[in-house]
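In: Got a predicted model here, sequence first, then my questions.
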Amino acid sequence: MQVDESAAVGTGAPSRAVRDFEAGLVRRKVMVYVCQAVFGIVFLAFWQWASGRLIDPFFVSSPSAVFGKLYTWLMNGELYRHLSITLYATAIGFIIGSTIGFALGLLFGKFAFLAEVLDPYITALYSIPKLALAPLFIIWFGIGIESKIAVSASIVFFVVFLNTFSGVREVNPIYIHATQIMGASQWGVMRTVIIPSATAWVITGLKVSVPYALVGTVIGEFMSSNRGIGFIIAQATGLFDTNSVFAGIIILAVVGAIINSILKATEGWLLRWRA
């Protein structure tokens, strides 16, 4: 017996239009991945061909030489030793900066008077180039990993703070008043309305701050360090070792892309209620 398509919809079965739409999304995603892979292969092939033909390898190296250097570092343990130091400083700086930024963003967003009083001071601190603070952090915390953490945390703090503050201020007052009418406490309003509504802003701040956290750590390693990816890039620059410089840059790019992918997946999970 032939089943009517419209009847199937009423029983919860997906219609043909829905199935076609979902299949189209899958095809599009596959096409995007294929095009990304093709673009990467073409770029590497052109780089390999151009090195030594169009441009002096001294300035641009070549993919084969760069990946050869990465393989050497991987085999002798250099990659793990330096990358672990950079990731550790970045992670700690990111956690400290994002935690303080999130807490103060909620506080300032909740209490408008406090935000208005401290606004010029926050603006002045935000206007200071954070990299200019690196020498000061070295004086305060020494040349160890603590100064790199401080640079990373200072950069992350302002990004997360400003996004959290903006997210809290953008919450619709109607939702807050409705929740209060139903008897919710201040913490209940914060937990059920303000924080979920500001989550999108906070996640955006976290996604934006991750590369800056990595940059802060690497800059700190440039200035004073004997370990880390920033150190090997700075050392290679002094030795005019283009292969190592490009290898270090590729490591940082891959790490940043992986972290952002993790944050993107986390964003989808935290904001699943918006679907």
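Out: In hand now; what should we look at? Numbering: from 1, shown residues only.

In: Compute the distance between residue 70 and residue 61, please.
Out: Distance, residue 70 to residue 61, using C-beta to C-beta, to the nearest Å: 12 Å. Glycine gets a C-beta too; all of them are placed from N, C-alpha and C.

In: Kindly report the same for residue 129.
Out: Distance from residue 129 to residue 61, counting by C-beta to C-beta: 30 Å.

In: who has more neighbours, those two?
Out: Set residue 129 next to residue 61 and count neighbours by other C-beta atoms under 10 Å: residue 61 wins out with 22 against 7.

In: ok, the residue lying closest to that one once chain neighbours are set aside - how many residues close by?
Out: Closest residue to residue 61 apart from its sequence neighbours, by C-beta to C-beta, 6 or more residues apart in numbering: residue 242 at 4.5 Å. Applying other C-beta under 10 Å, we find 20 other residues in the vicinity of residue 242.

In: Wait, residue 242 touches residue 58, no?
Out: Yes - contact criterion C-beta atoms under 8 Å: residue 242 and residue 58 qualify, at 6.2 Å.

In: Check which helix or strand the residue sitting nearest the centre point of the chain maps to.
Out: The centroid of the chain falls nearest to residue 210 when counting by C-alpha atoms, centre = their mean (3.0 Å). Residue 210 belongs to helix 195-223 when assigned by DSSP states H and E.

In: Which neighbouring elements make contact with that helix?
Out: Judged by 3 or more C-beta pairs under 8 Å, 6 or more residues apart in numbering; DSSP states H and E, helix 195-223 is in contact with helix 78-110, helix 134-141, helix 145-169, helix 229-238, helix 242-270.

In: winner for burial among the ones you listed?
Out: Per residue and on average, the most neighbours among those fall to helix 145-169, with a mean of 24 (mean count of other C-beta atoms under 10 Å).

In: can you give me the angle that one makes with helix 78-110?
Out: Inter-element angle recorded for helix 145-169 and helix 78-110: 40 degrees (by axes from the mean of the first three to the mean of the last three C-alpha atoms, to 10 degrees).

In: Let's have the helices and strands packed on helix 195-223 in CSV, adding mean pLDDT and distance to residue 66.
Out: Below are those laid out as CSV (pLDDT from 0 to 100; distance: least, C-beta to C-beta, whole Å):
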stretch, mean pLDDT, distance to residue 66
helix 78-110, 88, 13
helix 134-141, 83, 28
helix 145-169, 86, 25
helix 229-238, 88, 11
helix 242-270, 84, 5
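
In: closest to residue 18 out of those helices?
Out: helix 242-270 (20.7 Å; C-beta to C-beta).

In: Counting residues, name the longest helix you see in the chain.
Out: Once the chain is assigned using DSSP state H, the helix that runs over the most residues is helix 16-50.

In: Contacts made by the helix or strand following that one with the rest, please.
Out: Following helix 16-50 in sequence order, the next helix or strand is helix 57-60 (DSSP H and E). Here helix 57-60 makes contact (C-beta atoms under 8 Å, 6 or more residues apart in numbering) with 47, 50, 51, 65, 240, 242, 246.

In: Which PyMOL command selects the buried ones in those?
Out: Per 16 or more other C-beta atoms under 10 Å, the buried members of these correspond to this PyMOL selection:
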select buried, resi 47+51+65+242+246
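
In: what's the closest of the contacts of helix 57-60 to residue 224?
Out: residue 240 (21.5 Å).

In: isn't there a helix covering that closest one?
Out: No - Residue 240 is assigned coil when assessed by DSSP: H, G, I helix; E, B strand; the rest coil, not a helix.

In: so what's it up against?
Out: So residue 240 contacts residue 58 (C-beta under 8 Å, 6+ apart).

In: Start at 548, not 1
Out: Taking 548 as the first residue, the last one we looked at is residue 787.

In: can you tell me how far the closest residue in space to residue 715 that isn't next to it in sequence sits from residue 749?
Out: Using C-beta to C-beta, 6+ apart and skipping residues adjacent in sequence, the residue nearest residue 715 is residue 656, 2.7 Å away. The spacing between residue 656 and residue 749, counted by C-beta to C-beta, is 11 Å.

In: Identify the contacts common to the two.
Out: Residues touching both residue 656 and residue 749 by C-beta under 8 Å, 6+ apart: 711, 714.
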